[in-house]
Every structure is written in C-alpha cells, then in structure tokens.
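Peer 1: build me a structure from this.
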Amino acid sequence: MVDNVSPVIAIVPDGKGGEALQPVLDRLRGRGADLVVIGQQAQVDAASAGFALPAGVPEEVQTILEILPLQQLAYEVTIARGQDPDAPRALAKVTETH
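Peer 2: Numbering: from 1, shown residues only. Okay, here's the model as predicted:
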C-alpha cells in the first residue's frame, strides 16, 4: 500500500537504470507517496525530500556515493530509536563460532 505516511526511498542512478525507474516514480507520485530520492538534483527536486549526488560522476562510481546517504540514514534511525549502532542485536547470532 502506497500512501503519504510511510516514505518510499528510491535510488535513481543516471543512465538506463534511472530511465527504467522513471515510470515507477511517476506512479508513486501519482499515488501521493512520500518519495525520498537519492540521485541527481532534478530527481530530488521532484520528490518530497532527498539527497542530491554531485553531477558528472562516472556511472561506475555512483553506486558508492548512493550508499553513503543510506548508511547515514540507518545510523540516524538507530540513534533515534535509542539503540547502539555499533552493537546490532542479532550480530552475535551471526558471528558466533563454536
């Protein structure tokens, strides 16, 4: 269910990937989604909020830059929930060895 209560986070790269995502973004906007975009300035301006990536970055490097705002978001949400970002609750279950 898409509405304006839960944000939709979209990573919109330059090139073919971003072009293919455009119809989906248009439908989300049409349904009143609270759209948060990580991508080029024009895409961020058309969304409710977002993080604009620098222009002219080679497509091969863009994915690294797209990850950084998501890591910051995860950190801020963890802090807002009163949790420790350096001690995820399920980490011991994953890394424990016998």
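
Peer 1: look at Arg81 and report its pLDDT.
Peer 2: At Arg81, the pLDDT value in this model is 93.

Peer 1: how close does it get to Ile67?
Peer 2: 21 Å (C-beta to C-beta, to the nearest Å). Where you see a C-beta, it was placed from the backbone N, CA and C, and this is true even at glycine.

Peer 1: what about the helices in this protein?
Peer 2: According to DSSP state H, the chain carries its helices in the segments 16-30, 41-45, 59-80, 91-95.

Peer 1: for the protein, which spans come out with low pLDDT?
Peer 2: 91-98 (pLDDT under 70).

Peer 1: hang on, the earlier thing: so which of the helices of the chain is the most packed in?
Peer 2: Most buried of the helices of the chain, by mean neighbour count (mean count of other C-beta atoms under 10 Å): helix 41-45, with a mean of 15.

Peer 1: CA-only coordinates of that one in PDB, if you can.
Peer 2: Below are the C-alpha coordinates for helix 41-45, written out as PDB (Å, rounded to 0.1, in the frame of the first residue of the first chain):
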ATOM      1  CA  GLN A  41      19.300  17.200  -8.300                       C
ATOM      2  CA  ALA A  42      16.400  17.200 -10.800                       C
ATOM      3  CA  GLN A  43      15.100  13.900  -9.400                       C
ATOM      4  CA  VAL A  44      15.500  15.200  -5.800                       C
ATOM      5  CA  ASP A  45      13.600  18.400  -6.700                       C
END
